[in-house]
Structures are given as structure tokens and as C-alpha cells.
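K.L.:
Quick one, fold the following:
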Amino acid sequence: MSGMSDIVFLLLIFFMLTSTLIAPNALKLLFPQQGQTAITIRHIPIIELKSDGKVSLDGRIIAFENLEVLLINKLVGQEDPTVTFIIEGKATVRETVNVMNIAAKNNIKVVLKEKS
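P.N.:
Next comes the predicted model:
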């Protein structure tokens, strides 16, 4: 019985060590900190994903293939590029993830909204 308890403790230690090495696949959310009162006025582009699969940038419907180029052109020179991403209720997850991947690839912060 004492040998069995040794094995259980060794397995417990092994699983505790290996579980800390796994990096979670999650979105990094940034919340405002206390004392952050600096307000900067700048234009934040709005990407809207419609339920029929169409994408619009600042109210103009565009082809999805052109989204990355147009977005980079709008955000050129900004220190902390940010976009607002509005998703209609029936939009597919694939299209949503594709837009999020474009933002992640270009180090663009995304403010996510849902439009009902």
C-alpha cells in the first residue's frame, strides 16, 4: 500500500508540472485601469459583418479580400491601431474568426460589438 501511495503522489506531481506548461488559447482582454483619464480623439474604423456575409468598412461595403489592405491603409501611422468590429446576430463564426485573424496578424486591437 505504501508503494501505491508513492506512485499516486509522483503522478500527481507529474500532472501538476505538465499542466502548467500548457498555454491557453484565449483572447487577451484589456480593461481600463484606475486613473486612466487621458482622452485622445482619433478616428477608429468600423468593420461591420452583416448576417448575409457582406463586410463593410466605415459604412462602405467592400470585398472581404480587400479588407486587410484597406484597413492597413486607414490605420497607417497610428501608434495604437484599434478598430470597432460589429457583428450582426446571424453572421457565421468562420467569417468572424477570419476578420479577427486579420486584426491579430497586423497587431490591431479590436473592440467587439454585437448588433441585434
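K.L.:
C-alpha only now, for contacts and for neighbours.
P.N.:
OK.
K.L.:
What average pLDDT does the longest helix seen in the chain get?
P.N.:
Determined from DSSP state H, the single longest helix within the chain is helix 2-20. Helix 2-20 comes out with an average pLDDT of 84.
K.L.:
That one: what's the following helix or strand?
P.N.:
For helix 2-20, the succeeding helix or strand toward the C-terminus, using DSSP states H and E, is strand 46-49.
K.L.:
Now do that next one: which elements does it pack against?
P.N.:
When contacts are defined as 3 or more CA pairs under 8 Å, 6 or more residues apart in numbering; DSSP states H and E, strand 46-49 packs onto strand 55-57, strand 82-88.
K.L.:
Can you add distance to residue 6, mean pLDDT and mean neighbour count and give those strands back as a markdown table?
P.N.:
Output for the helices and strands packed on strand 46-49, formatted as a markdown table (distance: least, CA to CA, whole Å; pLDDT from 0 to 100; neighbours: other CA atoms under 10 Å):
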| stretch | distance to residue 6 | mean pLDDT | mean neighbour count |
| --- | --- | --- | --- |
| strand 55-57 | 59 | 88 | 21 |
| strand 82-88 | 53 | 87 | 19 |
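K.L.:
Nearest to residue 7, out of these?
P.N.:
The minimum distance between residue 7 and those falls on strand 82-88, with 51.5 Å, by CA to CA.
K.L.:
Need the helices and strands packed on strand 46-49 in CSV (columns: distance to residue 109).
P.N.:
Formatted as CSV, those follow (distance: least, CA to CA, whole Å):
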stretch, distance to residue 109
strand 55-57, 16
strand 82-88, 5
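K.L.:
Determine which of these approaches residue 13 most closely.
P.N.:
Per CA to CA, nearest to residue 13 of these: strand 82-88, 43.0 Å.
K.L.:
Show me what that closest one pairs with in its sheet, parallel or antiparallel.
P.N.:
strand 46-49 (parallel), strand 109-115 (parallel) (DSSP bridges).
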